[in-house]
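In: Just to be clear, the model below is a prediction. Sequence and coordinates:
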Amino acid sequence: MHFPKVVLALALLAFCGTARAQLSPTITEQPKTQVITLGSTVTLSAAATGTEPMTFEWLKGSSTEPFATGRTITVSDLAVSSGRYYCRVSNAGGSVTSLAAQVTVIPVSSARPSIALVSHDLIPSRTGDTSSMLAIFFGAQPMTFQWSRNGAPIPGETRNALYTRSVQLSDVGTYTITATNSLGSATSASFFINVPPRGTVPLFVDYQSSRRAKLGLPANIRVEVLSDGPVTYRWEKNGVTLPGVTGTELIIPNVTSADGANYQVYATNAYGTNSSGFLSLRVENPPRLTNLAVRSRVGPGLDELTVGVVVGNPAGGNAPFFLIRGVGPSLTPLGVTGALADPKMTVIRSIGGILSSNDNWGGSSSIADSARSVGAFPFADPNSKDAVVLTSFSRGDYTVLVQSVDDTPGVALAEIYDTTAPSTATTYNPRLVNVSARTKVGVGDEILIAGFTVAGDQPLKVLIRAVGPTLGTAFGVPGVLANPKLTLYSGPTKLGENDDWGNFVDLSAAFTAVGAFTLPGNSRDAAILTTLPPGSYTAQIAGVGDTTGVALVEVYEVP
């Protein structure tokens, strides 16, 4: 079948028209900052070019949810609606958000002028750009105004509190505005206008080097740049480029713990590239491991209780304090028979040797206060022979040894608590990323029981391992538990169990992700990979068929 050439040409043109890329919106008219009196209404408008149809959504403050739509809107009841307003313009090609329009309501007053707001909404990037400065005063009317540059009044600049102009090199300087009424006068804080010399790379003039965000709420990071000519932007998160973020602002609609990171912006113009340096976002109260408690029988030699601790902090931050307890005699009032009469404890850093040690804790008030703050059970006798250390851990690997002073065996409890208060915990805090314990596993009441706590506002992905045979084959540990079985509980509820880990791909990938040593695919070691909500859990390790031997229990935070 043949079609006339004109029909084919029209069809091809139609196809090309539909296949052509959409033009993303470009804002051509920004919403204007306004000052009004109480009870008035305000009209906000924006204009943009781009492929139709386009939607205009209006946002207030840090909210990402629009409260109105349309190119022009009218807002009333500004007694409760004053604030910074933005217009988000979208089409099939993308979206763009306007600059902020500050709407401020001035109440009726009969006082001398007082400053309510100082804002520099438009900072010039080069000569010819518009600079917009705003100072709002409360006070009795009438009120007169005088703008000054570098301390000298600017002739003719007696307009209301808003000062806007196209900036030239002669305008560089420090600006203030003074308001005067019959009762007195007041002068604003300083505004500074600068434009870069011709032929220079972009200059970062305003950004927050560190800020905090809450889980589940929106957050944004914004920079302001001076540049001689157009600028393109590239954002990085922990050194990796963020696709699709090409402006002066990064908006995170719903903060998760993964958003806590070091961000960096690279600004490029015709003369080169400049970097903002690190812009750090700290997420408050992220999920984390805060406690490990292991009860075991302690004796001489390899029957000592060995606890491993790895402290990590991918973003930085101050080293937190950890409360570490080797409990023996204080277990007796709790109904534990055969408690270790006199434990001693040694904390060793993998690089640097012994960090701290203790035999008898001595009734220290600071240690007692710390125990109360983390919810640890109190010692009934301040003169007990339990061992306690309160020390800070920076990033690194640590070993805690709980031993018998005179080699007399007995049941002991090793505990480690992160004392960081939930109100100050962020992704920048060094934290427990791995806790482990190696001891001899018996039967009945002498199986290995490890309790741990997940804190924070979100679930945490964890890897739990019960290692027996690989301790012997890979590390030469004698008398290992040949076939450990791992069971995970939340209170009395069993959450899962594993006998042989089975060389599963997801487990193997988790081993690599957390830096755990490899388990042979056919080994009889056990492992569980799961995501746990905040709460307390116990991992029990027993020998299949009531066998006994040395085993290692490990709990890892999985990134």
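Out: Alright, I've got the coordinates. Numbers count the residues shown, from 1 in each chain.
In: What segments of the stretch 51-200 of the chain are strands?
Out: 55-60, 68-69, 72-75, 83-91, 94-97, 101-106, 114-122, 130-138, 144-149, 152-153, 162-166, 173-181, 184-187, 191-193 (DSSP state E, counting those that start in this stretch).
In: and if you look at the stretch 451-559 of the chain?
Out: 460-467, 484-490, 493-498, 526-532, 535-543, 549-557.
In: Counting neighbours, which bits of the fourth one end up buried?
Out: Residues of strand 526-532 classed as buried by neighbour count (16 or more other Cβ atoms under 10 Å): 526, 527, 528, 529, 532. Bear in mind the C-beta positions are built from the backbone N, C-alpha and C, glycine included.
In: What separation is there between the second one and residue 438?
Out: With the distance defined as Cβ to Cβ, to the nearest Å, residue 527 ends up 16 Å from residue 438.
In: how long is stretch 133-143 end to end?
Out: End-to-end distance for stretch 133-143: 18 Å, by Cα to Cα, to the nearest Å.
In: Hmm, residue 72 is touching residue 47, no?
Out: No - look at residue 72 against residue 47 with Cβ atoms under 8 Å: they stay out of range, at 9.4 Å.
In: More neighbours: those two, which one.
Out: residue 47 (16 against 12; other Cβ atoms under 10 Å).
In: Can you verify my assumption that that one contacts residue 71?
Out: Yes - contact criterion Cβ under 8 Å: residue 47 and residue 71 qualify, at 6.8 Å.
In: how many neighbours does residue 159 have?
Out: Using other Cβ under 10 Å, residue 159 has 12 neighbouring residues.
In: what does residue 144 give?
Out: 12.
In: before we move on, back to that, residue 490 is nearest to which of the strands of the stretch 51-200 of the chain?
Out: Closest to residue 490 of the strands of the stretch 51-200 of the chain, according to Cβ to Cβ: strand 55-60, at 41.3 Å.
In: what's the closest one packed up against?
Out: Secondary structure elements in contact with strand 55-60, counted by 3 or more Cβ pairs under 8 Å, 6 or more residues apart in numbering; DSSP states H and E, are strand 68-69, strand 83-91.
In: ok and the longest one relative to strand 101-106, angle-wise?
Out: Counting by axes from the mean of the first three to the mean of the last three Cα atoms, to 10 degrees, strand 83-91 lies at 150 degrees to strand 101-106.
In: tell me the average confidence for strand 83-91?
Out: Average pLDDT, strand 83-91: 90.
In: For that strand, which strands pair with it and how are they oriented?
Out: When sheet partners are counted by DSSP bridges, strand 83-91 sits next to strand 55-60 (antiparallel), strand 94-97 (antiparallel), strand 101-106 (antiparallel).
In: Show me where the protein has its helices.
Out: Here the chain has its helices, by DSSP state H, at 5-19, 365-374, 469-475, 505-514.
In: Let me know the average pLDDT across the first one.
Out: This means helix 5-19. Average pLDDT, helix 5-19: 34.
In: Also the last one?
Out: Mean per-residue pLDDT for helix 505-514: 93.
In: rewinding a little: including distance to residue 485 and mean neighbour count, could the helices and strands packed on strand 55-60 go into TSV?
Out: TSV is the format used below for the helices and strands packed on strand 55-60 (distance: least, Cβ to Cβ, whole Å; neighbours: other Cβ atoms under 10 Å):
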stretch	distance to residue 485	mean neighbour count
strand 68-69	60	14
strand 83-91	56	21
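In: could I get those as a markdown table with distance to residue 342?
Out: Below are those laid out as a markdown table (distance: least, Cβ to Cβ, whole Å):
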| stretch | distance to residue 342 |
| --- | --- |
| strand 68-69 | 72 |
| strand 83-91 | 65 |
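In: Go through the ones you listed and name the closest to residue 257.
Out: Proximity to residue 257 (Cβ to Cβ) singles out strand 83-91 among the helices and strands packed on strand 55-60, at 26.8 Å.
In: which residues touch the closest one?
Out: For strand 83-91, the external contacting residues (Cβ atoms under 8 Å, 6 or more residues apart in numbering) are 22-25, 27, 31, 44, 46, 48, 50-61, 66, 75, 95-103.
In: Can I get the buried part of these as one ChimeraX selection?
Out: Remark: buried members of these, expressed as a ChimeraX selection using 16+ other Cβ under 10 Å:
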select :24,25,27,31,44,46,48,50,54,56,57,58,59,60,75,96,97,98,99,100,101,102,103
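In: Quick check, pLDDT for the spatially closest residue to residue 551 that is not a sequence neighbour.
Out: Leaving aside its sequence neighbours, residue 551 sits nearest to residue 481 (Cβ to Cβ, 6 or more residues apart in numbering; 4.2 Å). For residue 481, the pLDDT comes out at 95.
In: Quick one: neighbours of the spatially closest residue to residue 398 that is not a sequence neighbour, just the number.
Out: Leaving out its chain neighbours, the residue that sits closest to residue 398 by Cβ to Cβ, 6+ apart is residue 309, at 4.3 Å. For residue 309, the tally of surrounding residues (other Cβ under 10 Å) stands at 22.
In: For residue 309, give its distance to residue 139.
Out: Distance of residue 309 to residue 139, given as Cβ to Cβ: 61 Å.
In: quick revisit: of all the strands of the stretch 51-200 of the chain, which one is nearest residue 474?
Out: Minimum separation from residue 474 across those (Cβ to Cβ) falls at strand 94-97, 53.4 Å.
In: got the contact list for the closest one?
Out: 22, 24-27, 48, 59, 86-90, 247, 249, 251.
In: try 10 Å this time
Out: Residues outside strand 94-97 that contact it (Cβ atoms under 10 Å, 6 or more residues apart in numbering): 22-27, 48, 50-51, 54-55, 57, 59, 64, 86-90, 220, 244, 246-247, 249, 251.
In: end to end, how far does stretch 267-281 reach?
Out: From its first residue to its last, stretch 267-281 covers 20 Å (Cα to Cα).
In: Distance from that stretch to the middle of the chain?
Out: Taking Cα atoms, centre = their mean, to the nearest Å, the mean C-alpha location of stretch 267-281 is offset from the chain mean by 22 Å.
In: Give me the buried positions along it.
Out: Residues 267, 268, 269, 274, 276, 279, 280, 281 are the ones in stretch 267-281 that count as buried (16+ other Cβ under 10 Å).
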